[in-house]
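Participant: here is my input; please provide its structure:
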Amino acid sequence: MADNYGGEEKLTAEGYIKVSTEDYQYYVGNKGSGANGTGYIRDNQTGKPVNAPARIITLAEKANTLKFEYEANIKAIDEAIQIAKNNGDDEYVAELQQERQNTLDEYATKLEELTNA
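Facilitator: Numbers count the residues shown, from 1 in each chain. Model prediction:
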């Protein structure tokens, strides 16, 4: 049977594996995302779709998530400090600056715990 890809023999020679339409539906996500939420892969022994392994979140990804969370908090505090300065509320500025320092210290502690875990 001729097709736009050069035929089944050419595809097989290039390392492609012919799968049934039913199996294909698993691989493209039409049968859900599997037990681990990561889809399906082909089992080398049976040739059938099996649950793909769970995704492991790397240390760098965890650190970036922590960074973005704390950057947002610091930005909000900085904006509040600017508003308090514009209103001439020096007491509140001092409070906010202490809160900012406490937040930075908390971030440093959590980042250290993450990298030492």
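
Participant: all helices of this protein, in order?
Facilitator: Secondary structure of the chain (DSSP state H): helices located at 8-13, 21-27, 59-86, 90-116.

Participant: quick one: list the elements packing against the last one.
Facilitator: Packed against helix 90-116 by the contact rule (3 or more C-beta pairs under 8 Å, 6 or more residues apart in numbering; DSSP states H and E) you find helix 59-86. Every residue, glycine included, has its C-beta placed from N, CA and C.

Participant: ok, the third one next?
Facilitator: Packed against helix 59-86, as judged by 3+ C-beta pairs under 8 Å, 6+ apart, are the following elements: helix 90-116.

Participant: sorry, back to before: which one of the helices of the chain lies nearest to residue 34?
Facilitator: With C-beta to C-beta, the closest approach to residue 34 among the helices of the chain belongs to helix 21-27: 8.3 Å.

Participant: starting at the chain centroid, how far to that closest one?
Facilitator: Centroid separation for helix 21-27 versus its chain: 26 Å, with C-alpha atoms, centre = their mean, to the nearest Å.

Participant: got the buried residues for it?
Facilitator: 23, 26 (16 or more other C-beta atoms under 10 Å).

Participant: so what touches that helix?
Facilitator: Residues from elsewhere that reach helix 21-27 (C-beta atoms under 8 Å, 6 or more residues apart in numbering): 19, 31, 39-42, 48-49.

Participant: could you do stretch 57-73 as well?
Facilitator: 103-104, 106-107, 110-111, 114-115.

Participant: give me that answer again for 6 Å
Facilitator: 103, 107, 110, 114 (C-beta atoms under 6 Å, 6 or more residues apart in numbering).
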